[in-house]
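Asks: Quick one: sequence and predicted model below, then my questions.
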Amino acid sequence: DFKKGIEIEKNALKKYFEQHQKDYLIPPQFKVAYVKIPYQELIREVQISEEEVKEYYETNKDEFFEPKKVCARHILFRISSKASKEEVEKIKKKAEAVLAKVKKGEDFAKLAQKYSEDRASAKKGGDLGCFSQGKMIKPFEKVAFSLKKNEVSNLVRTPFGFHIIKVYEIKKEGIKPFNLVKNKIVTKLKQEKAKEKAFKIANRIYAQAILEEDLNKGAKIYKKKTKETDYFSEKKWSPKLPWGLKEEILSLKNGEISAPLEAPDGYLLVQIKDVKKERIPSFDEVKDQVKNKWIMEEAQKRAKEKAQEILNLFQKGQKIPLKYKKNIQETGLFSPQKPIPKIGFAPKIEKELFLLTLSKPYLDYVPEIKGKFYIFKLKTRQEPDKADYQKDKEMFKKSLLTRQRLIIFNAWVNSLRQKAKIEIKQELL
């Protein structure tokens, strides 16, 4: 730990602070008074008549349309994407043997529990529940929707393997009955009415608050209480205010009251109570932050110096301190434009690593990646497979050619623009 033993010289922190004052700039701070009119509180007060519910059902029947569905069980025999023809044939014979048991009348659910390799549905006797078209993989869906009730399919091949499918119920398309959707309609109408009521209350409070020039006084008349946030900034947003209303709230001036703002759970009115301008804090306010940052930077300097020192020892073929040997790791082989194993993405470094040779295996400096310094040595390299190289070579060649053509074309267009007078006809766009 390079932080240990770092001594802070007298006045070093103050000097550092003076040189980096902008790093500690405190952005504008806001304090806001707000009042919420939640929908949920008003839903309890809303009454919906039977006639309203029926009228909604009759005028919005498309909303309750139910497409055709089949309810099915299946038995799956999985096939790996790398399976050979012999392995596929072996699995097929096993599936055909189970299919024969089904055709003889053995219990499908029990056979699914015993043989299916879809463990999630196997526990339920292979039951997949009911589904409409577009929910299952195409070959499976095509067969399932062609079967009659209680009919069993032959083997069906999909990318997952072989399936045996049994349809146990078919639900025709149609409009859901009123009694099944009544509660859903009631809930929806209550929410809509509560939202309308909340908007009316918010507008009344707003109008009164504008007259009083005070949100709290406007809210009190309608028996609502305002609350206040602590000071917050644009980046360190108040948890009491919706993030989605940030732009509207920050556009208000000091003392200004917002019109009703729609939040996910209700309407909100806010008044800016105070604004503190951005400022550079005093040294005493941020002394601890300055100290921590100064120590961190000093520790990084020491770490870099030590890493460079060890790199020099490696390059000279000399021994390195024992305690650093435990940090030596191998990445294993990796390809260009891929993350460096155990380290992550570092495109610039990765390009330089691929330029190393076995005669000059060390990267000649210690790069910093995610706050750590690394020493790199090439251990081995593997040339690309000739067949793959030839295949990729053409692809790269085409890619580079396309790129070069685009560069030349853009340069030509830019030169024409500089020479020509261009008039844009907006009415034709």
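Replies: Now that the structure is in, tell me what you want to look at.
Asks: Strands along the stretch 201-350 of the chain, start to end?
Replies: 227-228, 261-263, 266-276 (DSSP state E, counting those that start in this stretch).
Asks: Can you say which of these is packed in most?
Replies: Mean neighbour counts were taken over the strands of the stretch 201-350 of the chain using mean count of other Cβ atoms under 10 Å, and the top value, a mean of 20, falls to strand 266-276. Just so you know, the C-beta spots here come from the backbone N, C-alpha and C atoms, and that holds for glycine as well.
Asks: Counting by contacts, list what that strand packs against.
Replies: On a contact count with 3 or more Cβ pairs under 8 Å, 6 or more residues apart in numbering; DSSP states H and E, strand 266-276 meets strand 29-38, helix 178-212, helix 215-221, strand 261-263.
Asks: just to revisit the earlier point, which one of the strands of the stretch 201-350 of the chain lies closest to Asp214?
Replies: strand 266-276 (7.5 Å; Cβ to Cβ).
Asks: just how off-centre is that closest one within its chain?
Replies: 31 Å (Cα atoms, centre = their mean, to the nearest Å).
Asks: What of stretch 141-155?
Replies: On Cα atoms, centre = their mean, the centre of stretch 141-155 falls 39 Å from the chain's centre.
Asks: what does stretch 408-417 give?
Replies: With Cα atoms, centre = their mean, you get 39 Å for stretch 408-417.
Asks: Next, the buried residues of stretch 199-219.
Replies: Phe199, Ile201, Ala202, Ile205, Tyr206, Gln208, Ala209, Asp214, Leu215, Asn216, Gly218, Ala219 (16 or more other Cβ atoms under 10 Å).
Asks: contacts for that stretch?
Replies: Applying Cβ atoms under 8 Å, 6 or more residues apart in numbering, the external contacts of stretch 199-219 come out as 33-35, 37, 221-222, 224-226, 255, 257, 259-260, 267-271.
Asks: and what of stretch 100-112?
Replies: Stretch 100-112 is contacted from outside by Arg73, His74, Ile75, Val98, Ser121, Ala122, Gly125, Gly126, Asp127, Val152, Ile164, Lys166, using Cβ under 8 Å, 6+ apart.
Asks: And for stretch 320-338?
Replies: With Cβ under 8 Å, 6+ apart, stretch 320-338 has contacts from 310, 313-314, 340-343, 347, 350-351, 354, 379-380, 382.
Asks: now those residues: which count as buried?
Replies: Taking 16+ other Cβ under 10 Å as the criterion, what is buried in those is Ile310, Ile340, Ile343, Glu350.
Asks: The residue nearest to the first one when sequence neighbours are not counted: how many residues sit nearby?
Replies: Once flanking residues are discounted, Ile310 sits nearest to Ile320: 5.2 Å by Cβ to Cβ, 6 or more residues apart in numbering. For Ile320, the count of nearby residues is 16 (other Cβ atoms under 10 Å).
Asks: I'd like the numbering to begin with 103 instead of 1 from here.
Replies: In the new count, where the first residue is 103, that last one comes out as Ile422.
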